[in-house]
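Q: this one's sequence-less:
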């Protein structure tokens, strides 16, 4: 989340939540999963990783907030984080799918 600055076509001072749509895609091999183009230039690379290594990286703060939320969402949906092994499970689940009780800034650009 961030606070919108007053720019052309935008309302200033309102919260701008990020929305990420996450999809699982089954692929036959890692070569099938690697995108051929990096249009937004944000990805440093693609590859396979063990969930253990991703969890360790999350604990060390190696991922940005958006990527961290996507990983945690994946772990919950696939039973790698459960209510039985995570004391803050309900809080995590609620924060991943939060409804904000106030107006948010539309992105008009």
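A: Ah, there it is. From a predicted model like this one, the values you see are computed outputs, not experimental measurements.

Q: what about the helices in the chain?
A: 30-33, 51-59, 65-77, 89-96 (DSSP state H).

Q: so which of the ones you listed is the most packed in?
A: helix 65-77 (a mean of 16; mean count of other C-beta atoms under 10 Å). Bear in mind the C-beta positions are built from the backbone N, C-alpha and C, glycine included.

Q: ok, and what's touching that helix?
A: With contacts defined as C-beta atoms under 8 Å, 6 or more residues apart in numbering, helix 65-77 is touched by 18, 20, 22, 24, 51, 54-55, 58, 63, 80-82, 89, 92-93, 96.

Q: Tell me how far residue 59 lies from residue 14.
A: Counting by C-beta to C-beta, to the nearest Å, the gap from residue 59 to residue 14 is 33 Å.

Q: Quick check: which ranges of this protein have low pLDDT?
A: Applying pLDDT under 70 to the chain flags residues 1-6, 8-13, 15-18, 33-46, 102-109.

Q: which pair in the contacts of helix 65-77 spans the largest distance?
A: 18 and 82 (25.7 Å; C-beta to C-beta).

Q: Please point out which parts of stretch 80-90 sit buried.
A: Buried residues in stretch 80-90, counting neighbours by 16 or more other C-beta atoms under 10 Å, are found at 80-81, 86.

Q: so which of the helices of the chain gets nearest residue 7?
A: helix 65-77 (21.4 Å).

Q: Excluding chain neighbours, what is closest to residue 82?
A: residue 89 (6.9 Å; C-beta to C-beta, 6 or more residues apart in numbering).

Q: you'd agree the one you found is up against residue 83?
A: Yes: between residue 89 and residue 83 there is a contact at 4.4 Å, judged by C-beta atoms under 8 Å.

Q: on that earlier part again, and the gap between the residue nearest to residue 82 and residue 54?
A: For residue 89, the distance to residue 54 - C-beta to C-beta - is 18 Å.
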